[in-house]
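1. below are the sequence and a predicted model for it; my questions follow.
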Amino acid sequence: MKYVCLVYGEEEAMRGVDDNVCAAYGKELQERGAYLGGQPLMSVETATTVRVRRGEVTVTDGPFAETKEQLAGFYLIEARDLNEAIRIASGIPPAQVGSIEIRPARELNVDG
């Protein structure tokens with residue numbers, strides 16, 4: 001089953017996590033066949049939020065919500081079940097200073 005591991009943390013704390021450590025963990029997961037993709041995100045200061053209400057588009061600088069912890073990146077993984085996904089997520093280096101939200105991915109229900 002595919003899971004998305006969303007990495008959250010305070011930006012200042014996230015700056016202390018070495019990119020080399022994250023890359024090494026991603027490589028380890030890839031060698032085990034558990035890493036499907038992922039990407040760190042630029043600072044929340046670069047975010048733009050788009051909303052469409054009643055056909056009208058509104059664009060706002062910044063994230064959707066004001067919170068201390070921001071979305072910093074994600075890992076897309078393959079795991080047998082939630083327990084294995086938790087084990088994998090606990091090894092993601094930013095988990096030491098932030099948090100990892102695990103969500104099962106789903107396929108779109110499309111006709112065809």
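-> Yep, that arrived. Numbering: from 1, shown residues only.

2. which residue packs closest to Asp81, ignoring adjacent ones?
-> Met1 (6.9 Å; C-beta to C-beta, 6 or more residues apart in numbering). Quick note: C-beta positions are derived from backbone N, CA and C, even for glycine.

3. count of residues packed around that neighbour?
-> Counted with other C-beta atoms under 10 Å, residues neighbouring Met1 total 13.

4. Pro104 versus that one, what's the distance?
-> Counting by C-beta to C-beta, to the nearest Å, the separation of Met1 from Pro104 is 6 Å.

5. quick one: contacts for Val44?
-> Counting by C-beta atoms under 8 Å, 6 or more residues apart in numbering, Val44 makes contact with 11, 62-63, 70-71.

6. identify the bridge partners of the residue nearest in space to the middle of the chain.
-> The residue lying closest to the centre of the chain (C-alpha atoms, centre = their mean) is Phe74, at 2.2 Å. Beta-bridge partners recorded for Phe74 (DSSP bridges): Leu6, Gln39.

7. now do the contacts for it.
-> 4-7, 38-39.

8. where does the chain dip in pLDDT?
-> Confidence mapping of the chain against pLDDT under 70 gives the ranges 63-67.

9. and the contacts of the helix ranked longest in it?
-> As assigned by DSSP state H, the longest helix anywhere in the chain is helix 19-31. For helix 19-31, contacts defined as C-beta under 8 Å, 6+ apart pick out 35, 38, 40, 75, 77, 88, 91-94.

10. and it, which residues are buried?
-> Across helix 19-31, burial judged by 16 or more other C-beta atoms under 10 Å covers 22, 25-26, 29.

11. okay, Ala72 and Val7: tell me how far apart.
-> Distance, Ala72 to Val7, by C-beta to C-beta: 5 Å.
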